[in-house]
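A.B. asks: I'd like to go over a predicted model; first the sequence, then the structure.
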Amino acid sequence: MGITKSELFKKRQNRIANLAKAFDHPARVAILEYLLSNNTCICNDLVDELPLSQSTITQHLKELKRIGIIKGEVEGPKVNYCIDEQVWEEAKDVFLNLFTKFVKKNDCC
């Protein structure tokens, strides 16, 4: 979605769409699952774990960090990644709120 189009929507809707990008690729889901299981990692940990090149993993980490769902701290020559707890809770609340709005109606197609 282009910048000009996103301006047509509410801030909340744009935030939900942005958070959803964290889950829009199986590699990102795998990275998040790895971080949830291990609390922290460096890119090489993911290279050993996932069937992807280092450059591909780096791009996904960059996107997850841009979204804010992970954070990374430089430790010597490496970046140590982990889940950003505050943003993770925000995403959980946003999606839970969105999904609980659905009410099944018998007259739906």
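C.D. replies: Right, received. Where do you want to start? Residues are numbered from 1 along each chain as shown.

A.B. asks: show me where the protein has its strands.
C.D. replies: Secondary structure of the chain by DSSP state E: the strands cover 70-75, 78-83.

A.B. asks: ranking these by mean pLDDT, which is last?
C.D. replies: Among the strands of the chain, strand 70-75 carries the lowest mean pLDDT, at a mean of 89.

A.B. asks: can you list the neighbours in contact with that strand?
C.D. replies: Ile31, Leu32, Leu35, Leu61, Leu64, Lys65, Val79, Asn80, Tyr81, Cys82, Ile83, Asp84 (CB atoms under 8 Å, 6 or more residues apart in numbering). From N, CA and C alone the C-beta is placed, and that goes for glycine too.

A.B. asks: of those residues, buried ones?
C.D. replies: Among those, those classed as buried by neighbour count (16 or more other CB atoms under 10 Å) are Ile31, Leu32, Leu35, Leu61, Leu64, Val79, Tyr81, Ile83, Asp84.

A.B. asks: ok, longest helix in the chain?
C.D. replies: Under DSSP state H, the helix in the chain containing the largest number of residues is helix 85-100.

A.B. asks: residue contacts, the spatially most central residue of the chain?
C.D. replies: Residue closest to the average C-alpha location in the chain (CA atoms, centre = their mean): Ala22, at 2.5 Å. Each residue near Ala22 by CB under 8 Å, 6+ apart is listed here: Arg28, Leu32, Glu63, Leu64, Ile67, Ile69, Ala91.

A.B. asks: so how far is Leu64 from Asp48?
C.D. replies: 18 Å (CB to CB, to the nearest Å).

A.B. asks: same check on Leu19?
C.D. replies: According to CB to CB, Leu19 and Leu64 sit 11 Å apart.

A.B. asks: could you pull out the helices for this structure?
C.D. replies: Under the criterion DSSP H, helices of the chain are mapped to 3-6, 11-20, 26-38, 43-49, 54-67, 85-100.

A.B. asks: okay, these in CSV with mean pLDDT and distance to Asn106 next?
C.D. replies: Shown next, in CSV, are the helices of the chain (pLDDT from 0 to 100; distance: least, CB to CB, whole Å):
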stretch, mean pLDDT, distance to Asn106
helix 3-6, 70, 35
helix 11-20, 94, 28
helix 26-38, 97, 34
helix 43-49, 93, 46
helix 54-67, 95, 38
helix 85-100, 96, 19
